[in-house]
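1. predicted model, plus sequence, below.
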Amino acid sequence: MSSVVRALRTALPRQPRLCLLSQRQRYYATSHSEPITIVEVGPRDGLQNEKGVIPVSVKAELINRLAQTGLRNIEAGSFVSPKWVPQMAGTAEVISIIQRLPNVQYSVLVPNSKGLDGLLALLPTHSPDSSAPPPPPISEVAIFTAATDAFALANTNTTVAASLERLAPVASAATANGLRVRGYVSVAVTCPYSGKVDPVRVREVTSELVNIGCYEVSLGDTVGTGTPATVGEMIEEVKKSVPVEKLAGHFHDTYGTGVANVLASLRHGIRTIDASVGGLGGCPYSPGATGNVATEDVLYALQGSEYDVRHIDLGKVAEVGWWISEVLGRQNTSRAGRALWARRVREQETMEKEKARL
Ligand SMILES: CC(C)(COP(=O)([O-])OP(=O)([O-])OC[C@H]1O[C@@H](n2cnc3c(N)ncnc32)[C@H](O)[C@@H]1OP(=O)([O-])[O-])[C@@H](O)C(=O)NCCC(=O)NCCSC(=O)C[C@@](C)(O)CC(=O)[O-]
């Protein structure tokens, strides 16, 4: 590591924020923009696919750092079987130690009643005792199924129909306990086991999730084979039964079409996008798929557009991406994140040269 890069790392928190919008872009963004919700799934979808065991302290720090960037929705982990996804073990501890920010919604993924019970055990059932530690700040659970039986069996050991039967009481119990319920439909474009997926099937499963109580359903291109054309076709089909306000887009970037698919889904009316800092992630049961579309890439692409994400600080998100990539010893797959890093190194080198010259 060069001395400039080392010095830069030490100096990171004191660096001025990156100002990436021109004055004209800022005017356009202010006067015409529509707010977009970014659901940051890095701490869950991102970390669940890492090879090594990640300490609880690192997971909690990732969530805390993300919460400081202006992101308002963070999926913090999952209460799934540790035999199936060992990387998510310790979620109870993680959510017990994160710092609650009042304007941030924290959620966790649950596959069944046992997962929900694990979460509910941590939440207060009566007026909180002032001497007790504060309860975890979870206000939402995410339940998940798939558009194909082959994927549902690989991911959750059950068929789609049986998973929906299993999830209905989970959704009711979560709602009864004051939690919002979000749903996911995996393999909404292609299934790694059974190939191209019929959009009609995606529509049916999405409707079922709404019927059992999901306020929103995230349509997952789990494998990341989607293109603006196939994603658009799928969304238009789903919209025949479910209002677009209840849909979100969840794209993996395997073929480099993640940002294009985000833009396509926005054009088709979706206003909530899942993304993962540093492009972390992938589903352990989707062989060959890479991480989610990177949060930094989405934020960069939407700057100055008619879609408003100005409440999220791209520079700060990029810093989190650099930090977590280094901690995990992995390559940062966010193109924008890498470019911003290179730019900062160049700026620092210029400053150093200037200082030496004076
Ligand atoms: C659903 C099960 C549990 C069925 O797994 P199973 O083996 O059929 O379940 P079981 O009921 O027979 O239980 C087996 C063991 O797991 C335990 N168990 C059972 N449930 C839990 C729980 N909640 N928490 C902790 N432990 C649990 C249970 O107690 C038992 O322990 P044992 O008696 O053998 O010691 C399993 O298949 C599972 O956990 N699957 C989760 C897989 C997963 O997390 N995949 C990644 C998330 S989905 C995703 O990434 C896609 C998404 C959402 O991002 C969108 C996209 O991109 O498509």
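-> In hand now; what should we look at?
2. rest of the way, CA atoms for contacts and neighbours
-> Noted.
3. neighbours of the closest residue to the ligand within the stretch 251-358 of the chain, just the number please.
-> In the stretch 251-358 of the chain, no residue comes nearer to the ligand than residue 283, which is 4.3 Å away by CA to the nearest ligand atom. Burial of residue 283 is recorded as 23 neighbouring residues (other CA atoms under 10 Å).
4. tell me the SS of it?
-> Secondary structure, DSSP: H, G, I helix; E, B strand; the rest coil: residue 283 is coil.
5. likewise for residue 332?
-> Secondary structure assignment for residue 332 (three-state DSSP): coil.
6. quick check: it vs residue 235, distance?
-> According to CA to CA, to the nearest Å, residue 332 and residue 235 sit 30 Å apart.
7. looking at these two, which is more packed in?
-> Set residue 332 next to residue 235 and count neighbours by other CA under 10 Å: residue 235 wins out with 25 against 22.
8. and the longest helix for the protein?
-> Ranked by residue count and defined by DSSP state H, the top helix of the chain is helix 335-357.
9. so who does residue 194 touch?
-> By CA atoms under 8 Å, 6 or more residues apart in numbering, residue 194 lies in contact with 148, 150.
10. could you rerun that using 10 Å?
-> 148-151, 187 (CA atoms under 10 Å, 6 or more residues apart in numbering).
11. ok, now residue 343?
-> Contacts of residue 343 were listed using CA under 10 Å, 6+ apart, and they are 337, 349.
12. pLDDT score assigned to it?
-> Listed pLDDT for residue 343 reads 94.
13. wait, does the helix or strand harbouring residue 164 contact the ligand?
-> Assigned by DSSP states H and E, residue 164 belongs to helix 160-176. No: using CA under 6 Å from any ligand atom, helix 160-176 never reaches the ligand; the gap is at least 8.6 Å.
14. distance between that helix and the chain's centre?
-> Put simply, helix 160-176 sits 22 Å off its chain's centre (CA atoms, centre = their mean, to the nearest Å).
15. packing partners of that helix?
-> helix 113-120, strand 138-146, helix 149-156, strand 180-186, helix 199-211 (3 or more CA pairs under 10 Å, 6 or more residues apart in numbering; DSSP states H and E).
16. if we go to 8 Å?
-> helix 113-120, strand 138-146, helix 149-156, strand 180-186 (3 or more CA pairs under 8 Å, 6 or more residues apart in numbering; DSSP states H and E).
17. let's have the ones you listed in a markdown table, adding mean neighbour count and distance to residue 85.
-> Converted to a markdown table, the helices and strands packed on helix 160-176 look like this (neighbours: other CA atoms under 10 Å; distance: least, CA to CA, whole Å):
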| stretch | mean neighbour count | distance to residue 85 |
| --- | --- | --- |
| helix 113-120 | 18 | 13 |
| strand 138-146 | 24 | 15 |
| helix 149-156 | 20 | 10 |
| strand 180-186 | 25 | 16 |
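18. can you list those in TSV and add mean pLDDT?
-> Shown next, in TSV, are the helices and strands packed on helix 160-176 (pLDDT from 0 to 100):
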stretch	mean pLDDT
helix 113-120	97
strand 138-146	97
helix 149-156	98
strand 180-186	98
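19. how about these, which one is nearest residue 223?
-> strand 180-186 (8.9 Å; CA to CA).
20. if you count contacts, what does the closest one end up packed against?
-> Helices and strands touching strand 180-186, by 3+ CA pairs under 8 Å, 6+ apart, are strand 138-146, helix 160-176, helix 199-211, strand 216-221.
21. need the residues of the stretch 201-350 of the chain near the ligand, please.
-> 220-222, 283.
22. out of those, which are buried?
-> Buried members of these, scored by 16 or more other CA atoms under 10 Å, are 220-222, 283.
23. that'll do, ta.
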